[in-house]
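Chemist: what follows is a predicted structure for the sequence shown.
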Amino acid sequence: MPLLRENGRSTASILGTGPLKNDIELANVSFYQLNQDEVGAKLKTACRLATQAYERSKSVFIWTVDEEDSKRVDDLLWEFPLNRFVPHEQSAQKTQFKNLVRIHHQIPEDNYYVLINLTQEPVALAGKFERVFEIVLPSETDSAATRQSHYEQLNCTIQNHTIKVG
């Protein structure tokens, strides 16, 4: 499966290759604006981004809206992307099993390299993560603008990308 591409760039350039910092102060926040207003497209994009980060040995947390959303992402990671398997679990806390993608509807207490935000809430503790990925449907642009303003107030680095789905 090729790397997810947006604006002519692959996510490899966005994910970075450096180690997780111990004293992260500011996150780099990437907004991925989808061209389709389908929750399934949003969840698949989250799975692609999580897979690419995982394959680069990055710790990943997917923050979902609720338990039902966590289950949907969990189920989707078993089958998508095709021909790939990403070890994952529904848990807000890191466990004895290392290198798993964590999925949960509660924000984690632990630090992660990547947080994929599937909620409409800004990440209050953006500094706990090296990267925050916000996946935005066309119907969510108002709440995305609010989240972007929040991150700008925290002096986070903001990147915007358009993703063509389908």
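Modeler: Perfect, thanks for sending it.

Chemist: I'd say Pro108 and Val114 touch.
Modeler: No - look at Pro108 against Val114 with Cβ atoms under 8 Å: they stay out of range, at 11.6 Å. Yep, even glycine has a C-beta here, placed from its N, CA and C like the rest.

Chemist: of these two, which one has the most company?
Modeler: Each of Pro108 and Val114 has its neighbours counted (other Cβ atoms under 10 Å); Val114 has more, 27 against 19.

Chemist: give the contact list for the more buried one.
Modeler: For Val114, the contacting residues are 15, 49-50, 53, 58-61, 129-133, by Cβ atoms under 8 Å, 6 or more residues apart in numbering.

Chemist: for Trp78, same thing?
Modeler: Trp78 neighbours (Cβ under 8 Å, 6+ apart): Phe85.

Chemist: mind checking pLDDT for it?
Modeler: You'll see Trp78 listed with a pLDDT of 91.

Chemist: that one should be in a helix, yeah?
Modeler: Yes - the assignment for Trp78 is a helix, going by DSSP: H, G, I helix; E, B strand; the rest coil.

Chemist: show me the shaky parts of the chain.
Modeler: Residue ranges of the chain with pLDDT under 70: 1-25, 94-98, 126.

Chemist: who touches both of Pro108 and Val114?
Modeler: Counting by Cβ under 8 Å, 6+ apart, the contacts common to Pro108 and Val114 are Phe61.

Chemist: hang on, the earlier thing: closest to Glu121 out of the contacts of Val114?
Modeler: Val132 (11.7 Å; Cβ to Cβ).

Chemist: having no further points to raise, I will conclude here.
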